[in-house]
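> Predicted model follows, preceded by the sequence.
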Amino acid sequence: HSSPDESEDQDLISGILRIVDKVWVLSDSSSVVEWTQSSEDNPHRPIDHQLSYETEWDMINAVSFRRKAHAHGDGGSNHTNDRNKWAFSFNVCDLRSITVKCEGWSYITFRLKDGTALPAIHFHQGGSTAFLDSLRKSVQINESPDDESVLIVSTYCKTFSQSFENLLDDTNYGLVQKFKKDPYTTTLGGFSKVTNYLFDAFRAPELECHQRPAEEVADLLGELIPGLEINQQEEPGFEVITRLDLGPRPEVQRRGPVTMEEWAKYQDSEGRITNVPHLKDLIFKGGLCHAVRREAWKFLLSYFPWNSTHEERKLLQKRKTDEYFRMKLQWKSVSEEQERRNSRLRDYRSLIEKDVNRTDRNNKFYEGLDNPGLILLHDILMTYCMYDFDLGYVQGMSDLLSPILFVMENEVDAFWCFVSFMDEMHENFEEQMQGMKTQLIQLSTLLRLLDLAFWNYLEAQDSGYLYFCFRWLLIRFKRELQFQDVLRLWEVMWTRLPCQNFHLLVCCAILDSEKQKIMDRKYGFNEILKHINELSMKLDIEEILSKSEAICMQIKNCKDLPHSVSEILGLNTVTEPSAALETSEYGILESPQTSPRSTNRQDHVVSNGHSHLKETTHNGCKVAFIS
């Protein structure tokens, strides 16, 4: 109606309401280009080749983003149109509520999140119900508890079949379903970088005072990783970790990195590494100088046996080189016609090409166009798909390979070191995410032991699942630390000292440094996520390693250590020493033959004890650790 009064002679302005599906695609890290799927007069605009680091992930790293101006009024951000002062358009994400009234005919009024109330739309010939039904396909609409004529809108329930790219435009809905659909992309790109997504998905904007109860939110969160139910309630017969007197935390001193001269002292005349436990102690305490890494990492990652000679290693490299290029030839020799009928290989290649073009592009080793490092990164990952058909390629694996290739500067050596690292990390990338479930539960157990008050605070803020640590665990802090600090942390962890699952204590050390700030400022769910994200690239690796070691020593000194904690850190394993075993400074029995892969099997047995319990949650049982 042309005027708000009820005069019978007022003009009626006819028009059409359309709900237009849009696809938003990033052209660089700060802008978007747009095309309309259903519009014939607005052809698809070309997409620039993606080369900037993490460009596709930047979209979900911030609460809002700037959109480019549009040549056509349809889809623009303005509520009015130059062609007609009565025309308007808006994004459904900006819609707060819809008022529906009936006075002989139905009419509806849109109210946007910025407070703007658009002109009332009158349905003199019906159709308002059909329009709202169509709108429900894109947003969730609930009746207001205060006024039955007002419908509250939240952008939550979109169809599960939408592609990841289609979900990028949704600033309120996307996180939960994107995580369920593709946890790796969501986590690497922004799971820990969101501030308002999750709660907006669970409550309407105008119902913040009527939040769902904490246990209901916990259930919804639990849907993200089925089987991850951390201490939701205690049950008789299960071990309950209560406040323990851990005693004082010892002071820890670190040393400088192992130099070339020091490394050479641990080799005999034929090249065998001697006194391996002591050498590992030195690496754990100070890391390696960069000149040593290319050789030392091959031992730490079990590519080279510690007791092998120079000649034996040459023969091993020759054999492994032949094996690598046989596998590489398998995918290199696939014709275009064959690949058209091999969707799996085609998908792997597409995903690898996309990831390679955004992995560590700010590092000189990978920067620029036609960089040889990128070609090697691509070829190694494609060859790994031939090596492990079951796993293939999953996003995030390029982050694990990049530092190894940077250090090795050799395609074959980098591949076999990467294979060894993936043997340890394999469960993180499996479809059921069993490794991630286990680690998050173990981390929660450790944190509860170290600081029950802080753990209870996180629980009260619906953060007891520790999802903000997901990316830390998934790719071993690769996105949290400066590149050189990642090298230091990884080589320290590869010593397997001073306990198993030392990376969980690294998480505890970081959280221990931030807990006071989180609690003093009374951070809620969103603020905790935001705060943890903002730690990225600001962490001091030496301080973290010192505190992590000190925490380990503090736990070891506890007399009444819970059985579950002992199992997580491998502190209750009884092993009979033999003549071939040597003891490190930390009391860990080691053999020159011991490889990370065999150690991983022992870790897996311990983890499997928990994973078996966790699997029972699908039948309604709670997760617990049997004492």
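Received, thanks.

> so which strand or helix has the residue lying closest to residue 121 once chain neighbours are set aside?
Once flanking residues are discounted, residue 121 sits nearest to residue 108: 5.4 Å by CB to CB, 6 or more residues apart in numbering. In short, each C-beta sits where N, CA and C put it, glycine included. Under the criterion DSSP states H and E, the helix or strand holding residue 108 is strand 106-112.

> With residue 99 instead?
strand 95-102.

> The residue nearest to residue 121 pairs with what?
Assessed by DSSP bridges, residue 108 has beta-bridge partners residue 100, residue 121.

> Which residues are in contact with residue 257?
Residues in contact with residue 257 (CB atoms under 8 Å, 6 or more residues apart in numbering) are 286, 287, 288, 289, 292, 488.

> Neighbour-wise, which one of those leads?
The most crowded member of the contacts of residue 257, judged by other CB atoms under 10 Å, is residue 287 (27 neighbours).

> Sticking with residue 440, tell me its helix or strand.
helix 434-450.

> how far away is residue 556 from residue 309?
37 Å (CB to CB, to the nearest Å).

> that older thread, show me what the very next helix or strand once past the helix holding residue 440 is packed against.
Of the helices and strands lying after helix 434-450 in sequence (DSSP H and E), the nearest is helix 452-460. Packing partners of helix 452-460 (3 or more CB pairs under 8 Å, 6 or more residues apart in numbering; DSSP states H and E): helix 434-450, helix 502-520.

> For these, could you give me TSV that also reports mean neighbour count, distance to residue 333 and mean pLDDT?
What follows is the helices and strands packed on helix 452-460, written out as TSV (neighbours: other CB atoms under 10 Å; distance: least, CB to CB, whole Å; pLDDT from 0 to 100):
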stretch	mean neighbour count	distance to residue 333	mean pLDDT
helix 434-450	23	34	92
helix 502-520	19	39	97
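
> Tell me which of these sits nearest to residue 133.
helix 434-450 (38.8 Å; CB to CB).

> For that closest one, which helices and strands make contact with it?
Taking 3+ CB pairs under 8 Å, 6+ apart as the contact cut, helix 434-450 packs with helix 452-460, helix 470-474, helix 502-520, helix 541-556, helix 563-569, helix 596-615.

> which stretch among these comes nearest residue 18?
Among these, helix 470-474 comes nearest to residue 18, with 39.3 Å by CB to CB.

> pLDDT (mean, whole number) over the closest one?
Averaging pLDDT along helix 470-474 gives 93.

> what's the following helix or strand after that helix?
Immediately after helix 470-474, counting by DSSP H and E, sits helix 483-493.

> Can you mark which positions in that next one are buried?
485, 486, 487, 488, 489, 490, 491, 492, 493 (16 or more other CB atoms under 10 Å).

> so which of those comes closest to residue 251?
Looking across the buried residues of helix 483-493 and measuring by CB to CB, the closest to residue 251 is residue 492, at 18.4 Å.

> Please name the residues that touch the closest one.
283, 284, 287, 545.

> Let's see if you can find the most crowded of these.
Going by other CB under 10 Å, residue 287 tops those with 27 neighbours.

> Surely that one is in contact with residue 488?
Yes: in terms of CB atoms under 8 Å, residue 287 counts as a neighbour of residue 488; the distance is 4.6 Å.

> before we move on, the earlier item: what residues are up against the residue nearest to residue 121?
Taking CB under 8 Å, 6+ apart, we find residue 108 in contact with 98, 99, 100, 101, 120, 121, 123, 128, 131, 132.

> any idea how far the third one lies from residue 13?
The reference is to residue 100. For residue 100 relative to residue 13 (CB to CB), the value is 20 Å.

> More neighbours: those two, which one.
Neighbour count, other CB under 10 Å: between residue 100 and residue 13, residue 100 has more, with 17 against 13.

> can you give me the helices in the stretch 251-400 of the chain?
Remark: helices assigned in the stretch 251-400 of the chain by DSSP state H, counting those that start in this stretch are 260-265, 276-286, 290-300, 310-332, 336-340, 343-356, 372-387, 397-408.
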